[in-house]
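A.B. asks: Below is the structure, and that's it, no one-letter string:
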């Protein structure tokens, strides 16, 4: 495809519209999908309206919305006219939104009804228009401003080039700094092509989208990839409760889905594991390798059926997958895939697809991407992962010093992640360079590795390992309801008893972990985290809040 079409949104999408004008493209679950021709018509009408509102190539236009078909239509309408999309995560706070709109110089914004109140009290000079994404009508239109009409068409034929800026994406990272990542049409479209090389996508595929479209993983792999190859995407009209989700999966029977580790980990630890260890007999059988594999295959078939029974690709990205859960998925024969990437790389750098996964690995470099370990440790082979390719960002918007700190003159992007490449050039991630703790004897300690051990302990929901006064401290959030259910048959008055049992569990966690990590990674104390940790859009804990 790269030899046939220009790597821009309008070029790639219009090629697909010509091939599959009547194929299903975008829909809410339970509704009749828009065809590719209908989507193109709506894009043209919204582009025509943006013209009337005075938007020109190079102008920044925001999208603050939950997932829906009109999200993608607004995204393409902005990009097709050479304007720049500024996607905002729905969970951004009003102050974050205000800062981003000011920093980017956004002139107009599409907003969904449920998020409109986040804009009520912000004050941004130059933000001239707020547009309802549900029907593309102006919110509080001024005098002389025309209303949206579906018959509008752009009056200008826009020349969009591969190196034109397509999006400025502001990340809400685990380190607390939100930077505007500048991605060109070529950055994003080349990554779409690379993703399709990892796993085929066609007009026969059906996607169910559950991750926020404003996040780069879902945007590139869950939206642009299917749109550029003729597949159909279904969105949930309501929040994804288990009932809503199961009904949607049963109706759509998706062939491809994207998710983050937390979702499949919850399913495993809350549903699958209890069924496999609920009795003494089952626990005994699970200790016999061939029986464990057989039981995992049975459980895997049930899990596969619960997702609609037609999945060919269940992509997991955004954070590292728990090794116990991954071992289950391997033995269950579940068609999972692991990806690695960053917003700065549009995002995919490496991927391991169904049938080619390896425990703990994120696979081989994506097509067109070079990976290397910079200055690897001579003994362990560990070092910072550097990447180079057509998907690497232009830089951080209006932040030349930050850009220079991560991009070398010969095009290498310093990911800030630590990893290794084995003899087959398969990538293994160790953790974030910024998170690494240097011990008293100079040894490198990776808190993520200790957290994986902690999270495998019963009753633990999530954990965070930090350094306090030179000692390693584990903050642990446990499932108190589950703990109470475990012991409620023992006492009628649970309050003091539960405090004692919680203290016992924390002590057990410390003993459990310290028996399984090296002497440099020994935990000094375990502290109860009473409420869930605050997280990013991909459900990674915001570490900076707890250090």
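C.D. replies: Okay, I see it. These numbers were taken from a predicted model, which means no experiment stands behind them.
A.B. asks: separation between the nearest residue to residue 456 once chain neighbours are set aside and residue 474?
C.D. replies: Nearest residue to residue 456 in three dimensions, chain neighbours excluded: residue 324, at 5.5 Å (Cβ to Cβ, 6 or more residues apart in numbering). Using the backbone N, CA and C atoms, a C-beta is placed for each residue, glycine as well. Plainly put, residue 324 is 18 Å away from residue 474 if you go by Cβ to Cβ, to the nearest Å.
A.B. asks: hmm, back to that, isn't there a helix covering the residue nearest to residue 456?
C.D. replies: Yes. Residue state for residue 324 (DSSP: H, G, I helix; E, B strand; the rest coil) corresponds to a helix.
A.B. asks: Please name the residues that touch residue 71.
C.D. replies: Counting by Cβ atoms under 8 Å, 6 or more residues apart in numbering, residue 71 touches 63, 65, 110, 133, 213.
A.B. asks: Which helix or strand contains it?
C.D. replies: Following DSSP states H and E, one finds residue 71 within helix 69-80.
A.B. asks: Quick check: mean pLDDT of that helix?
C.D. replies: The pLDDT scores in helix 69-80 average 98.
A.B. asks: right, and the helix or strand after that helix?
C.D. replies: Counting by DSSP H and E, what follows helix 69-80 is strand 84-88.
A.B. asks: Contacts for that next one, please.
C.D. replies: By Cβ under 8 Å, 6+ apart, the list of residues contacting strand 84-88 reads 58-64, 75, 78-79, 97, 100-101, 104, 106, 109, 165-170, 180, 213-214, 219.
A.B. asks: quick one: least confident helix or strand in the protein?
C.D. replies: helix 480-487 (a mean of 68; mean pLDDT, DSSP states H and E).
A.B. asks: Next, count neighbours for residue 463.
C.D. replies: Residue 463 is flanked by 24 other residues according to other Cβ atoms under 10 Å.
A.B. asks: brain fart, residue 132
C.D. replies: 17.
A.B. asks: cool, and residue 269?
C.D. replies: Residue 269: 21 neighbours (other Cβ under 10 Å).
A.B. asks: Residue 31 too?
C.D. replies: The local packing of residue 31 (other Cβ under 10 Å) involves 12 other residues.
A.B. asks: Kindly report the same for residue 6.
C.D. replies: Residue 6: 15 neighbours (other Cβ under 10 Å).
A.B. asks: hang on, residue 431 in a helix?
C.D. replies: No. Per three-state DSSP, residue 431 lies outside any helix segment and is strand.
A.B. asks: hang on, the earlier thing: tell me the first helix or strand C-terminal of the least confident helix or strand of the chain.
C.D. replies: helix 495-514.
A.B. asks: If you count neighbours, what's buried in that following helix?
C.D. replies: By 16 or more other Cβ atoms under 10 Å, the buried positions in helix 495-514 come out as 498, 501, 502, 505, 506, 509, 510, 512, 513, 514.
A.B. asks: Equivalent analysis for stretch 241-253, please.
C.D. replies: For stretch 241-253, burial by neighbour count (16+ other Cβ under 10 Å) applies to 245, 248, 249, 252.
A.B. asks: Pretty sure residue 153 sits in a strand.
C.D. replies: No. Residue 153 sits outside any strand when classified using three-state DSSP, being coil.
A.B. asks: How much space separates it from residue 45?
C.D. replies: From residue 153 to residue 45 the distance is 7 Å (Cβ to Cβ).
A.B. asks: Could you check which of the two is surrounded by more residues?
C.D. replies: Neighbour count, other Cβ under 10 Å: between residue 153 and residue 45, residue 45 has more, with 20 against 11.
A.B. asks: For the more buried one, list the residues it contacts.
C.D. replies: Counting by Cβ under 8 Å, 6+ apart, residue 45 makes contact with 136, 148, 149, 150, 151, 152, 153.
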